[in-house]
Structures are given as structure tokens and as C-alpha cells.
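**Student:** no sequence on this one, just coordinates:
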Ligand SMILES: C[S@@+](CC[C@H](N)C(=O)[O-])C[C@H]1O[C@@H](n2cnc3c(N)ncnc32)[C@H](O)[C@@H]1O
């Protein structure tokens, strides 16, 4: 029998350390996300919710049902929807976006135009509720001289189905739009009577959302190659090995001369040495040579 754990707050949990390990290994293998033992309370609370919904009595029974009675991964998806951290907002990490908008984008589009290539492909990997890919769409609308002359494709993906549903609706609360430059608000959003903000259709149309688990080998291969890959504030939830595997896959998915942007605490150079590095404005950026 599993021993009952106590959290630092003294609350009783009905998941033991062995069950925790077994479950966290399972999640790691399937999604690349690593839960350390200090996350026992967090994981337990979420599993309890699933157990209640399913009428399952013990964590062991739940883990068994995940492993052996979930051939299509439906319950695993339900669990993942509860476990992901989806924090995001428009124009997050403004200085990094400035390097993209004012240096990398003009340089890359000038190079492509000079050889008559008018396709521009961007990947927002781990897009959560859509603020990041829509921010990129707004930047393109602001920065490209002749956006109609470009065939723009922004692919945004996430493992969590709930956030993808919200992303497709594109209705945002004040918190999400707090860093949008004020003059952009009326240009790209309609204000709803109860105070939320609906993104205008011309921006929504530029982004295609897909349900993709980045930890699954080959998932990106079907999506073609990209000029820019953004994977910001996603790899922090992965361990070194899955982080490296993922960045290696991004390397393959990036066209030569294309750029990759990770979150400010996630240095590409620390993960892999494959990319070139250069200064773009005040920022160091990584590109495929
Ligand atoms: C903190 S949000 C970051 C959102 C946005 N990129 C940003 O920087 O504001 C991290 C997102 O990564 C997603 N994610 C985590 N593991 C993933 C995986 N294996 N495949 C795809 N998405 C994943 C989560 O569901 C979550 O929505």
C-alpha cells in the first residue's frame, strides 16, 4: 500500500512518492515535461480532480487506467490540459520582439525579396491562448511595407486543447492586452460591452492553430520549414535532454538564414552549439547558418 504524503502545509495527499514517480516518468516520456518531487502537491491536486471526475478511488488505479485503458490518449490529454502552465500576454518581452521587428524581419525579407521569394513562414511553438502568434501577426502588419505581396503563414501549436480553443476565439481580458501599444488597440481589437477585447478578423485570419505535442518525434516534420521559430517560455518545463532534442528539431525545421527565439531565461547557446549568433539592435539573436 502507498504511504500517505503530507505537504509542507500539512494537507493530506493520497498519492505516494512511488506513484508520483511512476506518473511523472509517464508524463515525461509522453510530453517531455519533467515534474520534480517538489511538485508532488501540484500533481496530486490535479490527479485528484481527474479521479473524482472518473470515479476512481486510488492513484494507482488512475495510473493503470492511463497506461492500459487509454489507447487513444484521451485521458492523457485531459490530464495534460490541467498540468500545463499557460501564462502569456500580447507583446511579451518587448525588447526581444523589437530585435525581431526592427532587425531580423527587415534583413530576412530583403534577402528573400531579392531572390523573388515571397513566402514568409513563422512557427509559434507552445502558443498557449494565442497572444504570441497574434502579436507576431500584428508586427508583420505594422512592419511589412507591402504585406499583401507576401504569402504569410503563421503556424501556432500547443499540446493543451483548452488553450487552443481560447486562441481560436481570440477574445482577451485587460491583463492580456496590457502591453499592447495603446495606438494599436483600436486598430486591431474591438472592445466588447463587458470590457473584453476581440481581435479583429484580419489578424485572426493570419494564424493557423494546430494541436501538436513538440515532444513527439516527427510531429514538426509534417509542417514544412520556417523562416522564424518562436518557442518562448516553453522549454523551462523540460529537462536538459528533452530541451536539446526539441531545439535540434527546431534546427532541422528552420531554413538557412532563419532565426530562432527562445524565452529570455532560455539561451539557445547553452542548449546547443549548432546556431550562429549575432547582435540585432540591443539583443543577441540566434540563426541557422
Ligand atoms: C508559459 S506558456 C508560453 C506561451 C508563449 N509562448 C509565451 O511565451 O508567452 C507555455 C506553453 O507551452 C505549452 N507546452 C508545454 N509542453 C508542450 C509540448 N510538449 N508540446 C507543445 N506545447 C507544449 C503549454 O501547454 C503552454 O501553453
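**Tutor:** Everything's here; your move. No experiment lies behind these values; they were computed from the predicted model shown.
**Student:** Quick one: list the elements packing against the helix or strand where residue 134 lies.
**Tutor:** According to DSSP states H and E, residue 134 maps onto helix 131-143. Judged by 3 or more CB pairs under 8 Å, 6 or more residues apart in numbering; DSSP states H and E, the packing partners of helix 131-143 are helix 105-114, strand 119-125, strand 151-158, helix 201-204, strand 207-211, strand 226-231. To be clear about C-beta, it is placed using only N, CA and C from the backbone, and glycine gets the same treatment.
**Student:** which one of those lies closest to residue 39?
**Tutor:** When these are compared by CB to CB, strand 151-158 sits nearest residue 39, at 20.4 Å.
**Student:** Is the ligand within reach of that closest one?
**Tutor:** Yes: judged by CB under 6 Å from any ligand atom, strand 151-158 and the ligand are in contact via residue 158.
**Student:** same deal with stretch 231-250?
**Tutor:** Yes: using CB under 6 Å from any ligand atom, stretch 231-250 reaches the ligand at 232, 233, 234, 237.
**Student:** follow-up on the earlier one: identify all contacting residues around the helix holding residue 134.
**Tutor:** 88-92, 97, 100-102, 105-106, 120, 122, 124, 127, 147, 150, 152, 154, 156, 167, 170, 172, 176, 184, 188, 199, 202-204, 206-207, 209, 228, 230, 232 (CB atoms under 8 Å, 6 or more residues apart in numbering).
**Student:** Quick one: mean pLDDT for that helix?
**Tutor:** Mean per-residue pLDDT for helix 131-143: 98.
**Student:** now do stretch 165-178
**Tutor:** Mean per-residue pLDDT for stretch 165-178: 98.
**Student:** and if you look at stretch 280-289?
**Tutor:** According to the model, stretch 280-289 has a mean pLDDT of 92.
**Student:** Show me the contact partners of it.
**Tutor:** Contacts of stretch 280-289 (CB under 8 Å, 6+ apart): 95-96, 98-100, 102-104, 251, 254-262, 268-269, 274-279.
**Student:** same question, stretch 241-255
**Tutor:** With CB under 8 Å, 6+ apart, stretch 241-255 has contacts from 28, 32, 34, 123, 125, 214-215, 217, 220-221, 223-227, 229, 231, 235, 238, 260, 262, 266, 268, 271-272, 274-275, 288.
**Student:** Check stretch 48-62 too.
**Tutor:** For stretch 48-62, the external contacting residues (CB under 8 Å, 6+ apart) are 2, 14-16, 19, 23, 44, 47, 65, 75, 78-79, 82.
**Student:** let's see it at 10 Å
**Tutor:** 1-2, 13-16, 18-20, 22-23, 43-44, 47, 63-66, 75, 78-79, 82 (CB atoms under 10 Å, 6 or more residues apart in numbering).
**Student:** hmm, which of the residues you listed are the buried ones?
**Tutor:** Buried subset of those (neighbour count, 16 or more other CB atoms under 10 Å): 13, 15-16, 19-20, 22-23, 43-44, 47, 63, 66, 75, 78-79.
**Student:** where's residue 277, which helix or strand?
**Tutor:** strand 276-280.
**Student:** before we move on, what about residue 23?
**Tutor:** helix 17-31.
**Student:** after that helix, next one along is what?
**Tutor:** Heading C-terminal from helix 17-31 (DSSP H and E), you reach helix 40-54.
**Student:** which stretches of the stretch 151-289 of the chain form strands?
**Tutor:** Taking DSSP state E, counting those that start in this stretch, the strands of the stretch 151-289 of the chain run over residues 151-158, 171-172, 189-191, 197-199, 207-211, 226-231, 254-262, 276-280, 283-287.
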